[in-house]
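Trainee: no sequence for this one, just the structure:
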């Protein structure tokens, strides 16, 4: 896929009434392609129109070194499951503050041509601070840099 046409499509569901209103009235950096009756919204982000959000420092997680942080944040994730995710093509990033993961997201490389944003989660007590926006922006930028 050429750089000119490389794009990332994001599907968000369900949308709250407040978010639908905000989307209709906002001037987003990514073009809103459609909103169906099922309340999906699709964005096409390209290198030309995507501007990453740099509100919080986000970094890629190291599989072995950062597993203890993941284990506290994601109680259901076992070491075996963590390694399995790695083998399935996931690479995780996070906002880490106060020695804890605040939000997590992954790029899922399920084929050479198809990558997507996956596994977005924010610690409940850290909601509404922009952490998820930061990790999704980080992953989106990585996907677009790779031309996927």
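Mentor: The structure has been received and is ready for your questions. The model shown is predicted, which means the values in this text are computed figures rather than measured ones.
Trainee: Could you point out which residue ranges in the protein have low pLDDT?
Mentor: 1-43 (pLDDT under 70).
Trainee: Please name every helix or strand in contact with whichever helix in the chain runs longest.
Mentor: Across the chain, the longest stretch assigned as helix under DSSP state H is helix 131-145. When contacts are defined as 3 or more C-beta pairs under 8 Å, 6 or more residues apart in numbering; DSSP states H and E, helix 131-145 packs onto strand 7-12, strand 41-46, strand 58-60, strand 90-97, strand 100-109, strand 115-122. C-beta: built from backbone N, CA, C; applies to glycine.
Trainee: now do 7 Å
Mentor: Helix 131-145 sits against strand 7-12, strand 58-60, strand 90-97, strand 100-109, strand 115-122, with contacts defined as 3 or more C-beta pairs under 7 Å, 6 or more residues apart in numbering; DSSP states H and E.
Trainee: List the buried residues for it?
Mentor: Buried residues in helix 131-145, counted by 16 or more other C-beta atoms under 10 Å: 131-144.
Trainee: what domains does the record give for this protein?
Mentor: 1-50, 52-148 (automatic domain parsing).
Trainee: Correct me if wrong: residue 144 contacts residue 50.
Mentor: Yes: here residue 144 lies in contact with residue 50, judged by C-beta atoms under 7 Å, at a distance of 5.9 Å.
Trainee: buried residues in stretch 122-133?
Mentor: Within stretch 122-133, the residues that qualify as buried are 122-123, 126, 129-133, counting by 16+ other C-beta under 10 Å.
Trainee: any idea how far residue 147 is from residue 135?
Mentor: Distance of residue 135 to residue 147, given as C-beta to C-beta, to the nearest Å: 21 Å.
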